[in-house]
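**Student:** Need a 3D model of the following:
(one chain, ligands or ions: 1)
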Amino acid sequence: MRILTTVNELRAWSRAQRSSACGEGIALVPTMGALHVGHGSLIRAAAAARPGRVAVSIFVNPTQFGPKEDFARYPRTFKADCALAEREGASVIFAPSVEEMYPAGASTFVEVDGLSERLDGQSRPGHFRGVATVVAKLMIAAEADLAFFGQKDAAQVAVLRRMVGDLRLGTAIVVCPIVREDDGLALSSRNAYLNPGERKQALVLNRAIRRVEALVADGERSGSSLIDAARGVFAEEPEVRVDYIELVDWETLWPVLAAAPGTLFAVAAWVGSTRLIDNAIIG
Ligand code: PAF
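**Tutor:** Sure, this is the predicted structure:
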């Protein structure tokens, strides 16, 4: 498995793959590293779709972190990431420097108006601008025809789908299911920040999601009732601070009054100093 560090190398690799595969494109799996089994499932899905033509990017993107966020301490585990990526079927790793992705004086950013201020974008101003900018750069550099993302970052998926459509980037977004620990905690690189007590408290996110899914299965559709029920579950864990609990249209990220197939129920909460998210798509 090769490690590429420049945009030119990635583009040359992608073009060579396409010419040897009769025009079929490559799959891109954008990550910030600290890879876990959830990332592994994205890489596996990408390798099944484009065997031998999977680029995994590992880049802790500074522009999607706020000034008081965890950019400096975000886990960096490059050697283990390469091993996991190779095991799951990656063909190349793209690990650029910050200067390669943001050349000196770079002043071009991608703003997805309307969606970028919703959900995580509301509590993390500028976050989705940074995500959209780096993912657009990666898609353009890789000339990818498929890009794989996890449903756990459901608001990110909505922002990126809109960006790809608006900019006609020609990369299809594939969304893979949330991968969970046996006890229900959604896998996240930030779970590494949790101490044992917080790790237990963090389960409240999944309990809230499961409660809402059970109510929907019993026929409840009212958005306010579902949100109240989730609030009730969070109240059982008073040390966990709710950031948001929302029932929204997954395309626009705007609140809806009633759950319908495809509606996104999403939660975010602070467990100690760690912000975690989880969600369910209403069946
Ligand atoms: O989901 C992530 O890990 C990041 O937001 C992404 C898509 C790799 C962009 O930096």
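**Student:** Run through the residues that contact the closest residue in space to residue 114 that isn't next to it in sequence.
**Tutor:** Spatial nearest neighbour of residue 114, chain neighbours left out: residue 252 (7.3 Å); criterion: C-beta to C-beta, 6 or more residues apart in numbering. Yep, even glycine has a C-beta here, placed from its N, CA and C like the rest. Contacts here follow C-beta atoms under 8 Å, 6 or more residues apart in numbering; on that basis residue 252 touches 114, 115, 158.
**Student:** Any idea how many residues pack against the second one?
**Tutor:** By that I understand residue 115. By the criterion of other C-beta atoms under 10 Å, residue 115 has 23 neighbours.
**Student:** residues making contact with the helix or strand hosting residue 215?
**Tutor:** Using DSSP states H and E, residue 215 maps to helix 203-217. Applying C-beta under 8 Å, 6+ apart, the external contacts of helix 203-217 come out as 180, 183-186, 225-226, 229-230, 232-234, 236-237, 240, 245, 259, 265, 267, 269, 276-280, 282-283.
**Student:** Please flag which of those residues sit within helices.
**Tutor:** Counting by DSSP state H, the contacts of helix 203-217 place 225, 226, 229, 230, 232, 233, 234 in helices.
**Student:** Close to the ligand as well: tell me which of those qualify.
**Tutor:** Contacts with the ligand within the ones in helices among the contacts of helix 203-217, as defined by C-beta under 6 Å from any ligand atom: none are present.
**Student:** Including neighbour count and pLDDT, could these go into TSV?
**Tutor:** Shown next, in TSV, are those (neighbours: other C-beta atoms under 10 Å; pLDDT from 0 to 100):
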residue	neighbour count	pLDDT
225	15	98
226	24	98
229	17	98
230	25	98
232	11	98
233	19	98
234	19	98
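**Student:** can you list the residues you listed in CSV and add distance to residue 143?
**Tutor:** CSV is the format used below for the ones in helices among the contacts of helix 203-217 (distance: C-beta to C-beta, whole Å):
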residue, distance to residue 143
225, 47
226, 42
229, 46
230, 42
232, 49
233, 45
234, 44
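**Student:** List the buried residues of the helix holding residue 215.
**Tutor:** The neighbour-count check on helix 203-217 (16 or more other C-beta atoms under 10 Å) flags 203, 204, 205, 206, 207, 208, 209, 211, 212, 213, 215, 216 as buried.
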